[in-house]
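>>> mind looking at a prediction? Sequence and model below.
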Number of protein chains: 2
Amino acid sequence: MSELRRDPITGRWTIIETLEPSGPEVFEVETDTPAGGTCPFCPGNEAMTPPEVYALRPAVGAVDGPGWRLRVVPNKFPALDASGMLTRRGLGVFDQSSGVGVHEIIVETPDHQRQLADLSQEELRQVITSYQLRTQALRADARLKYGLVFKNSGLVAGATLTHSYSQLIALPIVPKRVEEELRGAERYFEARERCVFCDIASQELLEDERVVCENRAFLAVCPYVSRFPFEMWVLPKEHLPEFALATQETVTDFARIVREVLGRLREALKNAPYNFVIHTAPFQLRDPETYHWHLEIIPALTRVAGFEWGTGFYINPTPPEYAAQILRGVALPV
Amino acid sequence: MSELRRDPITGRWTIIETLEPSGPEVFEVETDTPAGGTCPFCPGNEAMTPPEVYALRPAVGAVDGPGWRLRVVPNKFPALDASGMLTRRGLGVFDQSSGVGVHEIIVETPDHQRQLADLSQEELRQVITSYQLRTQALRADARLKYGLVFKNSGLVAGATLTHSYSQLIALPIVPKRVEEELRGAERYFEARERCVFCDIASQELLEDERVVCENRAFLAVCPYVSRFPFEMWVLPKEHLPEFALATQETVTDFARIVREVLGRLREALKNAPYNFVIHTAPFQLRDPETYHWHLEIIPALTRVAGFEWGTGFYINPTPPEYAAQILRGVALPV
């Protein structure tokens, strides 16, 4: 059980777990080996997760039984709770909202050993299609305003299990960082009547200093204002606000470039842990001309310390031009 | 050598090291033991740092020689460069600024073994006074707009040496997170003609659910919207925009409560690493009625992962009411 609290100063929301609070003992040990025992994401252990909400079963197979190639289940330990009314109230200077939302896990493969970068292009396409299908299913819930797909790969990057999985969280508010991007893109559009992401994509392709790779529909760049070493963005070349509405053909190209980018990252950084997040328009889009969905990938190489969270100002020791050069130089297996 | 780059979408600035870029090899090994050898912050090794800009020497002693009780030196590896003109230019859709700024290290004690929480109240008062003096010295530089005092304690929290030190960075722009606080406080003032921080302090003292401790001039609370487990803010009870202008008497009370708070944190969390940051008004303050300086302390217990940086939305497993209860319950040595 959780609740949402809004900071009266900056407008920042935080999800706070109120029912089962974590005490000091939870944080005492930091380990790189997950708790031993049975993996809840392996075939045969389907009963260890909540009942599936979606699965790909090429052959005949029972729901919540083995035989699947991809499986989506509600998170057993959700950051937000799917049941209940959305209520908001003031507490003096503070604002609070019930922790309504949905938190799902996409188990990307039945194979405990394979990571996302190991999947075939077709398997990766199916993972991405499942992100789209689940996002579309959740937008029907009028309480929810935003669907965020993200992945923590590796324990240092926040993964809690080694079996490869992604996450989808649907929120009752539009998150602050997305709101900032939306507003910034709106301001840019007001001044120039062009999409800022389209302009960035054109400029990056023209300068060709930070481009890692490209295909028909996408380019991957180390962005000019990279916050972190080896940060990469995958941008659709064509203007489209919503990830979930990308066509099958576009998704195929997206799977191709994501596979290449994860492969380059793995070679260049020797299996470094990473996070990725898909930024897309809110469920109720204000203006389809201004926003442009994209994927942001951040290798977990540095730690965010006092300076960064005190200022919202990042110090990046690796210029994106240099990172792009290294990532482009990687020899990939064909 | 570094430069500042501004994100055209959100307005976020990043400092990017361009002269000595870090390649993949720099991030490959993560170690909890600092590089062996001689500590540059220990007495006798003064020649290993740039010449001091401030020191406390109770007895007679030469500049940049031993005998000091506290020493402030420019960072040997600064995030920003003190020399050069402040220049800004556009690069297509992007904005760039020269990396002008000052980055200083406050060596809090000559003793390699003692941490900030081990200092006497008088020693801690001197450390805090040095923060004030250096901030005041830097505001004379017209290129600089903001002075940020912060500390990374423990290697996991971003400290690069075990010898206890704090940092001061003076920036040519007002950082985004401070700007957000300033704007939020201004909006609150416009609506109510009261300072939001004063209102928070009153409400916290009245409710007494999240207060950890207090004295004449300060209260320490686990804020209602804590982003991280065991986050604490130390708020002056009296309205004052600028930390550097706090009186000697106030600084004495500040040293007292910071010492208590660090002691409670250490006992409750068994020497957990932490970050702190002092949020204060910019050098050129717009409206002295709206902003209120304070200290934010964040134990480094959790990792910021995909969800947090994708949304600017935090998930906190430890409610501040529970954290405050644990911190209040700590038995402190007298």
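Received it, and whenever you're ready, just let me know what you need.

>>> what's the average pLDDT for stretch A:93-105?
Mean per-residue pLDDT for stretch A:93-105: 85.

>>> now do the strands in the stretch 1-150 of chain A.
A:2-6, A:13-17, A:54-56, A:70-74, A:88-91, A:94-98, A:102-107, A:146-153 (DSSP state E, counting those that start in this stretch).

>>> adding distance to residue B:297 and mean neighbour count, write the ones you listed out as JSON lines.
Just so you know, the C-beta spots here come from the backbone N, C-alpha and C atoms, and that holds for glycine as well. JSON lines is the format used below for these (distance: least, C-beta to C-beta, whole Å; neighbours: other C-beta atoms under 10 Å in any protein chain shown):
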{"stretch": "strand A:2-6", "distance to residue B:297": "19", "mean neighbour count": "22"}
{"stretch": "strand A:13-17", "distance to residue B:297": "16", "mean neighbour count": "24"}
{"stretch": "strand A:54-56", "distance to residue B:297": "43", "mean neighbour count": "16"}
{"stretch": "strand A:70-74", "distance to residue B:297": "35", "mean neighbour count": "21"}
{"stretch": "strand A:88-91", "distance to residue B:297": "23", "mean neighbour count": "10"}
{"stretch": "strand A:94-98", "distance to residue B:297": "20", "mean neighbour count": "18"}
{"stretch": "strand A:102-107", "distance to residue B:297": "29", "mean neighbour count": "24"}
{"stretch": "strand A:146-153", "distance to residue B:297": "26", "mean neighbour count": "25"}
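
>>> and those strands: which comes nearest residue B:61?
strand A:13-17 (48.5 Å; C-beta to C-beta).

>>> pLDDT on the closest one, on average?
Mean per-residue pLDDT for strand A:13-17: 69.

>>> same deal with stretch A:311-325?
Mean predicted confidence for stretch A:311-325 is 84.

>>> how about stretch A:124-133?
98.

>>> for it, buried residues please.
A:124-132 (16 or more other C-beta atoms under 10 Å in any protein chain shown).

>>> show me which of those residues is closest to residue B:147.
Closest approach to residue B:147 among those (C-beta to C-beta): residue A:131, at 44.0 Å.

>>> want to try JSON lines for the strands of the stretch 1-150 of chain A, with distance to chain B as columns?
Below are these laid out as JSON lines (distance: least, C-beta to the nearest C-beta, whole Å):
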{"stretch": "strand A:2-6", "distance to chain B": "5"}
{"stretch": "strand A:13-17", "distance to chain B": "5"}
{"stretch": "strand A:54-56", "distance to chain B": "21"}
{"stretch": "strand A:70-74", "distance to chain B": "16"}
{"stretch": "strand A:88-91", "distance to chain B": "8"}
{"stretch": "strand A:94-98", "distance to chain B": "5"}
{"stretch": "strand A:102-107", "distance to chain B": "10"}
{"stretch": "strand A:146-153", "distance to chain B": "4"}
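
>>> which residue does the stretch 101-250 of chain A have closest to chain B?
residue A:158 (2.9 Å; C-beta to the nearest C-beta).

>>> looks to me like residue A:302 is in a helix.
No: the assignment for residue A:302 is coil, going by DSSP: H, G, I helix; E, B strand; the rest coil, so no helix is present there.

>>> for it, give its distance to residue B:173.
Residue A:302 sits at a distance of 21 Å from residue B:173 (criterion: C-beta to C-beta, to the nearest Å).

>>> cool, residue A:59 as well?
Residue A:59 sits 59 Å away from residue B:173, taking C-beta to C-beta as the criterion.

>>> contacting residues around the helix or strand residue A:233 falls within?
Using DSSP states H and E, residue A:233 falls within strand A:232-236. Contact with strand A:232-236 is made by A:197, A:200-201, A:204, A:212, A:217-223, A:246, A:250, A:254, A:257-258, A:261, A:265, A:292-297, A:327, as judged by C-beta atoms under 8 Å, 6 or more residues apart in numbering or on different chains.

>>> what do you get if the cut-off is 7 Å, keeping everything else the same?
With contact meaning C-beta atoms under 7 Å, 6 or more residues apart in numbering or on different chains, strand A:232-236 is reached by A:197, A:201, A:212, A:217-223, A:250, A:257-258, A:261, A:292-297.

>>> Provide the strand pairings for that strand, with the direction of each partner.
Using DSSP bridges, strand A:232-236 pairs in its sheet with strand A:218-221 (antiparallel), strand A:294-299 (antiparallel).

>>> from the middle of its chain, how far away would it be?
Computed by C-alpha atoms, centre = their mean, to the nearest Å, the chain-centroid distance of strand A:232-236 equals 13 Å.

>>> how about stretch A:222-238?
When distances are taken as C-alpha atoms, centre = their mean, stretch A:222-238 is centred 14 Å away from the chain's centroid.

>>> report the buried residues of it.
A:222-237.

>>> same check, this time on stretch A:170-189
Residues of stretch A:170-189 classed as buried by neighbour count (16+ other C-beta under 10 Å): A:170-182, A:184-186, A:188-189.

>>> report how many residues lie close to residue A:141.
Neighbour count of residue A:141, defined by other C-beta atoms under 10 Å in any protein chain shown: 17.

>>> residue A:116 now?
Neighbourhood size, residue A:116 [other C-beta under 10 Å]: 21.

>>> how many neighbours does residue A:216 have?
Neighbours around residue A:216, by other C-beta under 10 Å: 12.

>>> contact residues of the stretch 151-300 of chain A facing chain B?
By the criterion of C-beta under 7 Å from any C-beta of the partner chain, the positions of the stretch 151-300 of chain A lying close to chain B are A:151-152, A:157-158, A:169, A:175-178, A:180-181, A:184-185, A:188, A:196, A:199-200, A:203, A:224-227, A:229, A:268-270, A:272, A:275-277, A:279, A:298.

>>> sticking with residue A:253, tell me its helix or strand.
Using DSSP H and E, residue A:253 falls in helix A:248-269.

>>> what mean pLDDT would you report for that helix?
96.

>>> for chain A, what spans make up the helices?
Counting by DSSP state H, chain A has helices at residues A:24-28, A:121-138, A:176-192, A:196-207, A:248-269, A:306-311, A:320-329.

>>> okay, those helices, which one's buried deepest?
helix A:306-311 (a mean of 23; mean count of other C-beta atoms under 10 Å in any protein chain shown).

>>> can you list the domains in chain A?
Chain A breaks down by automatic domain parsing into domains covering A:2-19+A:38-171, A:176-329.

>>> want to throw the ones you listed into JSON lines with distance to residue B:53?
Output for the domains of chain A, formatted as JSON lines (distance: least, C-beta to C-beta, whole Å):
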{"stretch": "domain A:2-19+A:38-171", "distance to residue B:53": "33"}
{"stretch": "domain A:176-329", "distance to residue B:53": "19"}
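
>>> among those domains, which comes closest to residue B:310?
Among the domains of chain A, domain A:176-329 comes nearest to residue B:310, with 3.2 Å by C-beta to C-beta.

>>> so how far does the closest one reach from one end to the other?
End-to-end distance for domain A:176-329: 36 Å, by C-alpha to C-alpha, to the nearest Å.

>>> same deal with stretch A:312-325?
Criterion C-alpha to C-alpha; first-to-last residue distance in stretch A:312-325 is 27 Å.

>>> what of stretch A:63-77?
Terminal residues of stretch A:63-77 lie 21 Å apart, using C-alpha to C-alpha.
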